[in-house]
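Colleague: I'd like to go over a predicted model; first the sequence, then the structure.
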Amino acid sequence: MQFLFGDHMLDDERRELRRGAEAIAVEPQVFDLLIYLVRNRDRVVSKDDLIDAIWGGRAVSDSTLTSRINAARKAVGDNGQDQKLIRTVARKGLRFVGDVQMQPLLLGLHPDGARSQSEFHDSLRAALPLPDRPAIAVLPFVNMSGEPEQDYFSDGISEDIITALSKLRWFFVIARNSSFTYKGKAVHLKQIAEELGVRYVVEGSVRKDGGRVRITAQLNDVTTGSHIWAERYDRDIADVFAVQDEITEAIVAAIEPQLYAAENFRAQRKPPDSMDAWDLVMRGLSYYWRLTRQDNVVAQALLEKATAIDPNYGQALGVLAASHTFSAHMGWAEMATAVPIAERAAFAAIRADSEDPWAHHALGNVYLFRRRFDDSLAEFELALRLNPNFSLAQAYYGLTLSYCGRWKEADLAARRALRLSPRDPFSALYYGIASYAQFSGRNYDEAMRLARESIRQRSDFVGGHRVLTAAAGMAGKDDVAFAALKELRRAQPNISMAWLANQMPFQHDADRKHYLEGFRRAGLE
């Protein structure tokens with residue numbers, strides 16, 4: 001869609017801002033802020049609205065927010081004194097007050113013949129239609145305790161139910177990160193179902209009071225608007241795992257009674273020995289999913305406390321191991337330090353619970369960075385057999401395939417991850433993996449496009465910056481390559497040719513040389 005106001009044109013598909021025929025350079029977050037204000041021009045947008053929409057709910061300083069607002073005003077010829085377009089409403093927020101006309105973008109008119117972002121999303125749906133199995137999303141259960149610090153508890157109950165359902169290959173279960181984008185938002189179930197591509201939606205609430213907990217759950221068939229099943233549980237806090245299993249069983253029995261009877265279904269999982277350990281893991285996961293260096297460190301500290309309480313907690317060990325390999329891959333930690341820590345935790349996770357998908361996902365990561373490629377692929381495949389809806393494992397399976405030179409298979413795996421979790425904060429990672437697959441296939445324009453989408457979603461995601469730099473270098477787009485390298489250095493100060501050559505786990509030397517050549521042409525030393 002194109003938004004016209006004054007002599008400006010804001011194009012959300014091409015991500016362009018123009019004043020007449022002149023293109024205005026705008027940082028990704030500033031562009032997102034402009035788009036959000038223009039789309040929501042019928043109301044005052046609060047600070048929290050902006051933080052949720054632009055930064056995914058992460059903590060953002062007032063100075064950062066103010067600088068982005070000032071930059072947005074400057075880009076459209078406005079300022080804080082005149083406020084002709086972007087008006088501050090005291091103690092309320094901001095509103096775009098310009099006269100806006102809308103016109104649809106005619107696809108196929110890109111000057112470079114490239115596909116638009118919406119066309120790529122459409123291709124995801126076309127390439128990966130919903131399978132012939134029930135598709136379901138579990139929304140984050142509402143915390144009714146009146147204490148925001150207890151959100152992790154209700155989130156953890158929702159997440160455990162998602163995990164239990166995900167292990168059933170006759171269900172298509174939307175990943176946790178996409179379902180959780182609706183947390184705290186008043187969105188109609190029909191809209192959620194359409195955006196996630198599901199028929200069934202589970203919602204519920206949790207009230208924790210001392211040693212007691214009340215959990216309510218409801219299963220909705222959005223296509224008919226009917227409530228299929230609902231229940232309320234009043235239990236001791238120690239019985240929370242049994243309640244989760246009962247809810248999962250009830251959902252399965254309501255949707256697929258024949259399969260439930262034939263399979264003699266029971267929720268197959270090994271609960272932790274300690275409620276305190278589970279509590280810490282849920283807190284740790286809430287930080288792990290935020291995808292920043294600081295949050296990853298907090299997650300590791302919480303997970304280490306959980307494993308100290310319960311040394312045989314497979315999921316805690318698996319997530320801990322995955323957090324260490326992720327920090328090494330992002331350049332936040334030295335590979336030589338992080339991988340041995342991850343390896344010990346991953347093997348401990350396998351010993352503790354060989355049926356836990358996180359354990360095999362973690363070991364797959366360790367094997368990748370140990371250059372044991374066949375073993376790595378086997379571990380990711382096992383993780384996906386245990387949980388066919390595990391979008392993160394699907395994405396890293398694609399990454400490993402890319403490093404093995406199997407770029408077409410890698411592209412498909414990244415697309416599956418995006419389809420399993422279409423609104424995932426980790427989508428930046430998934431797009432980054434898809435972009436590297438296209439780079440490996442010498443499709444540099446497509447690699448650049450996907451890398452830009454990765455950066456648009458997470459401006460600090462180093463994987464997107466790396467691929468954009470290398471792809472632009474190989475495409476001979478020197479200005480783009482030099483600018484991308486500058487941003488990469490900001491995101492990863494320790495980047496160098498030596499770091500890339502030593503840390504990136506390529507199976508084939510030709511692929512390593514190809515990747516390094518892109519950086520050499522971009523000016524990296």
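Modeller: Yep, it's here.
Colleague: Let me see the ranges of the strands in this structure.
Modeller: 2-5, 8-11, 16-19, 22-23, 86-89, 93-96, 101-103, 135-138, 142-143, 172-173, 200-209, 212-221, 226-236 (DSSP state E).
Colleague: what separates the fifth one from the chain centre, distance-wise?
Modeller: Computed by Cα atoms, centre = their mean, to the nearest Å, the separation of strand 86-89 from the middle of its chain amounts to 31 Å.
Colleague: what about stretch 15-35, how long is it end to end?
Modeller: End-to-end distance for stretch 15-35: 9 Å, by Cα to Cα, to the nearest Å.
Colleague: Contacts for it, please.
Modeller: 7-12, 50, 53-55, 68-69, 71-72, 75-77, 117, 452, 455-456, 459 (Cβ atoms under 8 Å, 6 or more residues apart in numbering). Backbone N, C-alpha and C define where each C-beta goes, glycine included.
Colleague: Could you rerun that using 7 Å?
Modeller: For stretch 15-35, contacts defined as Cβ atoms under 7 Å, 6 or more residues apart in numbering pick out 7-10, 12, 50, 54, 68, 71-72, 75, 455-456, 459.
Colleague: now do stretch 54-67
Modeller: Contacts for stretch 54-67 (Cβ under 7 Å, 6+ apart): 29, 32-33, 36, 47, 50-51, 290, 292, 425.
Colleague: let's see it at 8 Å
Modeller: Counting by Cβ under 8 Å, 6+ apart, residues outside stretch 54-67 touching it are 29, 32-33, 36, 47, 50-51, 68, 290, 292, 295, 425.
Colleague: Can you pick out the most distant pair from these?
Modeller: Taking Cβ to Cβ, the two most distant members of these are Tyr36 and Asp295; they sit 23.3 Å apart.
Colleague: hey, least reliable of the strands of the chain by pLDDT?
Modeller: In terms of average pLDDT, strand 101-103 trails the rest of the strands of the chain, at a mean of 69.
Colleague: before we move on, the earlier item: return the item of the contacts of stretch 15-35 having minimum pLDDT.
Modeller: For these, the pLDDT minimum is Asp12, 74.
Colleague: Can you get me a residue count around that residue?
Modeller: 19 (other Cβ atoms under 10 Å).
Colleague: measure it to Asp32 for me?
Modeller: 10 Å (Cβ to Cβ, to the nearest Å).
Colleague: what's the neighbour count on Pro340?
Modeller: Pro340, neighbours per other Cβ under 10 Å, totals 13.
Colleague: Switch the strands of the chain over to CSV; also include distance to Asp276 and mean neighbour count.
Modeller: CSV is the format used below for the strands of the chain (distance: least, Cβ to Cβ, whole Å; neighbours: other Cβ atoms under 10 Å):
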stretch, distance to Asp276, mean neighbour count
strand 2-5, 51, 18
strand 8-11, 51, 20
strand 16-19, 51, 16
strand 22-23, 56, 9
strand 86-89, 45, 17
strand 93-96, 40, 20
strand 101-103, 53, 10
strand 135-138, 24, 25
strand 142-143, 19, 20
strand 172-173, 28, 26
strand 200-209, 14, 20
strand 212-221, 15, 20
strand 226-236, 15, 13
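Colleague: right, so of these, which gets closest to Ala336?
Modeller: strand 172-173 (37.4 Å).
Colleague: Could you list the paired strands of that closest one along with their orientation?
Modeller: Here strand 172-173 is paired, per DSSP bridges, with strand 135-138 (parallel).
Colleague: could you point out where the protein is predicted with low confidence?
Modeller: The model of the chain has pLDDT under 70 over residues 1, 13-14, 103-133, 169-170, 252-274.
Colleague: residue closest to the middle of it?
Modeller: Phe426 (1.8 Å; Cα atoms, centre = their mean).
Colleague: ok, now how distant is it from Ala447?
Modeller: The gap separating Phe426 from Ala447 is 19 Å, by Cβ to Cβ.
Colleague: could you list every residue that touches the nearest residue to Asp310 once chain neighbours are set aside?
Modeller: In space, and not counting its chain neighbours, Asp310 is closest to Ala277: 3.9 Å by Cβ to Cβ, 6 or more residues apart in numbering. Contact analysis of Ala277 by Cβ under 8 Å, 6+ apart lists 306-307, 309-310, 313, 316.
Colleague: Rebuild the residues you listed as a markdown table, extending it with distance to Gln2 and neighbour count.
Modeller: Formatted as a markdown table, those follow (distance: Cβ to Cβ, whole Å; neighbours: other Cβ atoms under 10 Å):
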| residue | distance to Gln2 | neighbour count |
| --- | --- | --- |
| Ala306 | 50 | 26 |
| Thr307 | 53 | 21 |
| Ile309 | 56 | 18 |
| Asp310 | 55 | 20 |
| Tyr313 | 52 | 29 |
| Ala316 | 49 | 33 |
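Colleague: Where do the domain boundaries of this structure fall?
Modeller: Per automatic domain parsing, the domain ranges recorded for the chain read 2-105, 135-263, 270-388, 424-525.
Colleague: With Gly398 as the reference, name the closest of these.
Modeller: Among the domains of the chain, domain 424-525 sits nearest to Gly398 (Cβ to Cβ), with 5.0 Å.
Colleague: so where do the helices sit in the stretch 401-525 of the chain?
Modeller: With DSSP state H, counting those that start in this stretch as the criterion, the stretch 401-525 of the chain has helices at 407-420, 427-440, 444-457, 462-475, 478-491, 497-503, 509-522.
Colleague: got TSV for those, with distance to Asp209 and mean neighbour count too?
Modeller: Shown next, in TSV, are the helices of the stretch 401-525 of the chain (distance: least, Cβ to Cβ, whole Å; neighbours: other Cβ under 10 Å):
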stretch	distance to Asp209	mean neighbour count
helix 407-420	36	23
helix 427-440	37	28
helix 444-457	39	23
helix 462-475	44	27
helix 478-491	45	17
helix 497-503	49	14
helix 509-522	56	17
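Colleague: Format these as JSON lines; extra columns: distance to Glu231.
Modeller: Output for these, formatted as JSON lines (distance: least, Cβ to Cβ, whole Å):
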{"stretch": "helix 407-420", "distance to Glu231": "27"}
{"stretch": "helix 427-440", "distance to Glu231": "33"}
{"stretch": "helix 444-457", "distance to Glu231": "37"}
{"stretch": "helix 462-475", "distance to Glu231": "43"}
{"stretch": "helix 478-491", "distance to Glu231": "47"}
{"stretch": "helix 497-503", "distance to Glu231": "50"}
{"stretch": "helix 509-522", "distance to Glu231": "53"}
